[in-house]
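> got a structure for you, letters missing:
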């Protein structure tokens with residue numbers, strides 16, 4: 001809505017438009033009535049009259065956003081309606097067009113979608129709002145593949161998982177040609193079930209990764225533990241806050257309260273907010289590597305990593321100073337998965353395949369958490385640790401095995417061709 005349209009709109013519409021902008025740029029914490037009244041040119045009394053409560057306002061806002069999103073998806077489907085089959089090249093092009101639109105003309109909707117998914121994981125009321133939107137998007141992807149690809153349900157789940165995670169990163173990096181090329185390579189791998197069709201050559205992919213590397217010093221899989229003692233406790237608290245509240249929730253005071261440590265002590269170990277964010281992200285990454293276990297359940301640890309990395313991507317879409325962290329996290333996830341496959345299962349996986357699998361898997365886990373569903377892959381028997389084995393070391397080891405074991409079953413339709421195909425449950429060791 002343009003400025004002139006906003007000025008001439010009815011009071012309730014102006015308030016909804018202002019709320020939409022605030023939700024997209026600042027999250028649910030920005031939807032308090034007094035600042036919203038100022039932003040919309042209304043009064044708190046007017047907000048109360050039209051909506052009654054913050055909850056009612058959010059319900060109206062999400063319902064309107066979902067309706068507009070459905071119309072956008074219908075128009076997108078119509079664009080490809082005359083395509084009789086979805087072969088690999090068509091799938092890659094279709095998903096690329098979808099992501100370009102998500103980060104471009106639908107940017108505000110995409111920010112709200114990501115915010116809603118993250119909030120729904122921990123908030124049952126928000127989950128009730130997210131569930132019909134998730135169901136509508138699932139129906140869109142299934143209808144898109146139905147009759148035009150084998151195993152359309154599997155393709156729909158793979159595509160939706162991939163674009164859910166990749167949308168957050170596209171919001172941050174879509175203006176970077178190197179990122180767009182890397183994204184195109186992983187789309188080729190997804191569409192071809194893991195096969196290099198020419199563009200996603202492993203050596204070329206790694207060259208492009210190095211070009212995009214922001215070098216913010218997050219730990220590589222082989223790096224030594226960077227923190228110990230009080231610094232580790234503070235870093236763990238920062239990681240917990242990123243997962244629970246997003247990057248905006250990380251302040252010296254909040255971390256001190258979480259760690260039961262004076263803010264002055266937090267500042268002694270981590271002088272700036274960016275230092276604290278780096279520490280929290282380091283924790284998230286060490287959890288992904290199986291070197292830290294802040295949760296007793298491996299599935300909870302995987303969800304911890306997902307929420308942490310998507311939270312940073314969403315924050316970076318709003319706060320450019322965080323962009324290098326989001327870039328590094330996307331890269332490191334693929335490197336970490338490749339390292340686990342090699343070191344723990346003796347399976348060689350090229351970085352492009354690992355990156356593709358990590359993006360699809362992360363999106364699927366976020367969607368499941370937001371919908372209140374079991375995480376994908378829980379159906380595999382024999383992968384849960386035996387009673388009494390849930391100590392820090394065994395959880396980490398089990399997490400590494402289980403994550404790699406799920407790749408071929410949950411990230412790609414039917415199977416991921418190539419070296420990841422042997423990473424299933426029969427190789428869990």
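Thanks, I have it. The shown structure was predicted, so the numbers you read here are calculated from the model rather than taken from an experiment.
> My guess is residue 58 contacts residue 31. True?
Yes - contact status for residue 58 versus residue 31: in contact at 6.6 Å, counting by Cβ atoms under 8 Å. C-beta coordinates here come from the backbone N, C-alpha and C atoms, glycine included.
> overlap in contacts of these two?
19, 23 (Cβ atoms under 8 Å, 6 or more residues apart in numbering).
> How many residues are close by residue 16?
Residue 16 has 21 neighbouring residues, counting by other Cβ atoms under 10 Å.
> And it, how far from residue 129?
Noted for residue 16: a distance of 15 Å to residue 129, by Cβ to Cβ, to the nearest Å.
> following the host helix or strand of residue 208, which helix or strand shows up next?
Using DSSP states H and E, residue 208 sits in helix 202-212. Per DSSP H and E, the first helix or strand lying C-terminal to helix 202-212 is helix 229-245.
> How far off centre is that next one?
Averaging C-alpha positions (Cα atoms, centre = their mean, to the nearest Å) puts helix 229-245 19 Å from its chain's average.
> Show me what the next helix-or-strand element following it is packed against.
The helix or strand immediately downstream of helix 229-245 is helix 252-259, counting by DSSP H and E. Judged by 3 or more Cβ pairs under 8 Å, 6 or more residues apart in numbering; DSSP states H and E, helix 252-259 is in contact with helix 229-245, helix 263-269, helix 273-288.
> Could you single out the most deeply buried of those helices?
Highest mean neighbour count among the helices and strands packed on helix 252-259 (mean count of other Cβ atoms under 10 Å): helix 273-288, with a mean of 24.
> still on that earlier bit, what's the closest of the helices and strands packed on helix 252-259 to residue 151?
helix 273-288 (29.1 Å; Cβ to Cβ).
> Can you give the distance from the closest one to the centre of its chain?
Here helix 273-288 is found 16 Å from its chain centre; the criterion is Cα atoms, centre = their mean.
> Which elements pack onto it?
Here helix 273-288 touches helix 229-245, helix 252-259, helix 298-318, helix 323-345, going by 3+ Cβ pairs under 8 Å, 6+ apart.
> mean pLDDT for those: which is lowest?
When the helices and strands packed on helix 273-288 are compared by mean pLDDT, helix 323-345 comes last with a mean of 81.
> Give me the buried positions along the helix holding residue 208.
204, 205, 208, 209, 212 (16 or more other Cβ atoms under 10 Å).
> Dump the residues you listed into TSV; add pLDDT and distance to residue 152 as well.
As requested, the buried residues of helix 202-212 are exported to TSV (pLDDT from 0 to 100; distance: Cβ to Cβ, whole Å):
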residue	pLDDT	distance to residue 152
204	95	31
205	93	29
208	90	32
209	87	32
212	81	34
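> From those, pick the one nearest residue 272.
Of all the buried residues of helix 202-212, the one with the least separation from residue 272 (Cβ to Cβ) is residue 212, at 24.4 Å.
> Skip the chain neighbours and tell me the closest residue to that closest one.
residue 178 (4.7 Å; Cβ to Cβ, 6 or more residues apart in numbering).
> Out of the helices and strands packed on helix 252-259, the one nearest residue 194 is which?
Nearest to residue 194, of all these, is helix 273-288, at 21.1 Å by Cβ to Cβ.
> re the thing from before, list the buried ones in the helix or strand in which the residue nearest to residue 212 is found?
Per DSSP H and E, residue 178 falls inside helix 177-191. Within helix 177-191, the residues scored as buried using 16+ other Cβ under 10 Å are 179, 180, 182, 183, 184, 185, 186, 187, 188, 189, 190, 191.
> Just send the residues you listed back as TSV, with distance to residue 342 and pLDDT too.
Output for those, formatted as TSV (distance: Cβ to Cβ, whole Å; pLDDT from 0 to 100):
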residue	distance to residue 342	pLDDT
179	25	92
180	28	94
182	21	93
183	24	95
184	25	97
185	20	95
186	19	95
187	24	96
188	23	95
189	18	94
190	22	94
191	25	94
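> before we move on, the earlier item: could you export the helices and strands packed on helix 252-259 to JSON lines, including columns for distance to residue 320?
Shown next, in JSON lines, are the helices and strands packed on helix 252-259 (distance: least, Cβ to Cβ, whole Å):
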{"stretch": "helix 229-245", "distance to residue 320": "18"}
{"stretch": "helix 263-269", "distance to residue 320": "24"}
{"stretch": "helix 273-288", "distance to residue 320": "12"}
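> among the ones you listed, which is nearest residue 83?
helix 273-288 (37.4 Å).
> I'd like the helices and strands packed on helix 273-288 as TSV, with distance to residue 80 appended.
Shown next, in TSV, are the helices and strands packed on helix 273-288 (distance: least, Cβ to Cβ, whole Å):
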stretch	distance to residue 80
helix 229-245	37
helix 252-259	46
helix 298-318	27
helix 323-345	27
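> most tightly surrounded among those?
Each of these was scored by mean neighbour count; the highest is helix 298-318, a mean of 24, by mean count of other Cβ under 10 Å.
> what helices or strands is it leaning on?
Counting contacts by 3+ Cβ pairs under 8 Å, 6+ apart, helix 298-318 packs against helix 107-122, helix 152-173, helix 229-245, helix 273-288, helix 323-345, helix 351-371, helix 392-410.
> If I take the third one and helix 298-318, what angle do their directions form?
If you take axes from the mean of the first three to the mean of the last three Cα atoms, to 10 degrees, helix 229-245 sits at 80 degrees to helix 298-318.
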